[in-house]
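Participant: model the following, please.
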Amino acid sequence: MTDEQIALGRRAVACKGWRWMAGMLTHDGYRMIWCSETEREWAGPSFSEAGMAWRYARIHGESSLPDLTDPATLGCMFALVREAWGCVVVTSPDYDYDDDEARQGPNVVGWRAVETVRWMWVGGGTTEAEALVVALESAP
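Facilitator: So this is what the prediction gives:
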């Protein structure tokens, strides 16, 4: 993960509406497979003779960050944002504008998150993941 992706992961876990969900991937390659109020169970990135290696972690003191480039983790972010806003939130790319043709250009220049009750902008960024983090940060 890049420094920007790590910083984005830190912003995500700092949000009031953040929580780990089954299916999420950590920045160090562990997949969340189960969680409760007091413990989490992760599937490790390596295998042992007996099968998959497991790691258990407590909620307090956990230093893992989400890998927001992972499709399952991004899907969980959608769920967290929708829960925080209390409605469906969708993302959409923003395109450049072609002045000569007076229409949308072909290049994606950013992303926006929009809640679907009032069709109000709730987040934006250079990536879809950043738009979702901004939406989680700005949730009521």
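Participant: what helices and strands are in contact with the host helix or strand of residue 107?
Facilitator: Residue 107 is part of strand 103-115 when elements are defined by DSSP states H and E. Judged by 3 or more C-beta pairs under 8 Å, 6 or more residues apart in numbering; DSSP states H and E, the packing partners of strand 103-115 are strand 89-98, strand 120-125, helix 128-137. C-beta: built from backbone N, CA, C; applies to glycine.
Participant: tell me the gap between it and the middle of its chain.
Facilitator: Centroid displacement of strand 103-115 relative to its chain, using C-alpha atoms, centre = their mean, to the nearest Å, is 19 Å.
Participant: equivalent analysis for stretch 65-82, please.
Facilitator: The answer for stretch 65-82 is 3 Å, by C-alpha atoms, centre = their mean.
Participant: which residues are contacting that stretch?
Facilitator: 1, 5-6, 8-10, 12-13, 17-21, 23-27, 29, 31, 88-89, 91, 113, 122-123, 128-129, 132-133, 135-136, 139 (C-beta atoms under 8 Å, 6 or more residues apart in numbering).
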